[in-house]
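**Q** predicted coordinates and the sequence they were generated for:
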Amino acid sequence: MTDRTAADLPLGVACEIERLAPTSLSQRALWILCQALSDDSVYNEAHVVRIRGLLDVDALAKALDEVVRRHEALRTCFRVVNGEPMQAISAETRLPLEVVELSAVAEQEREAEARRRAQYEVRAPFDLERGPLTRVQLLRMARDEHWLVVTRHHLNGDGTSSVILARELSVLYNAYQAGRAPALPALPAQYADYALRQCASANGCWGRKHKTSLLIGSKPSRTCPRSNSRRTDRGRRCRAAAGDGSCSSSKRPSRLR
């Protein structure tokens, strides 16, 4: 399998920017660090959810679409404005659910192949400027067993947000599979709202520059470098526990429902 570059990766729906927001202090620090590194997978994190039982792929894809609609962070890439990184939030972004058939692989080799593919995903780069900064792959191990591999750049998520993602995917999947409306409460705020409040309270040039670049009519630069990432653990594995979608390092298979 050959190495991929950011230009080779599927982009899903083009990232048409709806609005700009300042980065948070932690995002800005990480973005600056990414520019100095040469390994494009340093800050990628892969979370693997093992699903036992028959899976409704259409319901899962619909649940994924709704999670992306609810959370701006999953629709965010990064642009440079007046020399400063900004969150560039698109009105609509779809994350393709790539289904990979592994059931034909010899049973004794199947799990090793799934792990190899998950590692390949976590090493593949993201394009910070174009996005999306999340990839979702469904590995079909057997008719009644799947691995859901969610790979994200750390600029757009952390361990806590991954727990929320797993929980909401579980709730939405169960609702859509049962043919009923999901019962998730409206989100009180988005991550960009937090960054805006942090920016407004910041002193010095960082706060002033961000406020200036938020003026109506500011245009995002198209020269933002790609992500350069690599962690010593090369991503982490997670599972969605039944009911609450909690996350842990356990390798024991678990159910979405």
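**A** Sure thing, it's come through. Residues are numbered from 1 along each chain as shown.

**Q** and stretch 21-41, end to end?
**A** Distance across stretch 21-41, first residue to last, is 25 Å (CA to CA, to the nearest Å).

**Q** do stretch 152-161 as well
**A** Start-to-end, stretch 152-161 (CA to CA) is 11 Å.

**Q** may I see the buried residues of that stretch?
**A** Within stretch 152-161, the residues that count as buried by 16 or more other CB atoms under 10 Å are R152, H153, H154, L155, N156, G157. All C-beta atoms are positioned from the backbone trio N, CA, C, and that covers glycine.

**Q** now the residues you listed as CSV including distance to G83 and pLDDT?
**A** Below are those laid out as CSV (distance: CB to CB, whole Å; pLDDT from 0 to 100):
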residue, distance to G83, pLDDT
R152, 27, 94
H153, 22, 94
H154, 23, 93
L155, 18, 93
N156, 22, 88
G157, 26, 83
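
**Q** let me have those in a markdown table, adding distance to N174 and secondary structure as columns.
**A** Formatted as a markdown table, the buried residues of stretch 152-161 follow (distance: CB to CB, whole Å; DSSP: H, G, I helix; E, B strand; the rest coil):
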| residue | distance to N174 | secondary structure |
| --- | --- | --- |
| R152 | 23 | strand |
| H153 | 28 | strand |
| H154 | 29 | helix |
| L155 | 30 | helix |
| N156 | 25 | helix |
| G157 | 23 | coil |
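
**Q** where does E92 sit: helix, strand or coil?
**A** State at E92, reduced to three classes by DSSP: H, G, I helix; E, B strand; the rest coil: coil.

**Q** what count of nearby residues applies to it?
**A** 14 (other CB atoms under 10 Å).

**Q** thought it was touching E16?
**A** Yes - if you go by CB atoms under 8 Å, E92 and E16 touch, sitting 7.3 Å apart.

**Q** coming back round to it: make JSON lines from the buried residues of stretch 152-161 and add distance to A112 to it.
**A** Shown next, in JSON lines, are the buried residues of stretch 152-161 (distance: CB to CB, whole Å):
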{"residue": "R152", "distance to A112": "24"}
{"residue": "H153", "distance to A112": "26"}
{"residue": "H154", "distance to A112": "27"}
{"residue": "L155", "distance to A112": "31"}
{"residue": "N156", "distance to A112": "30"}
{"residue": "G157", "distance to A112": "27"}
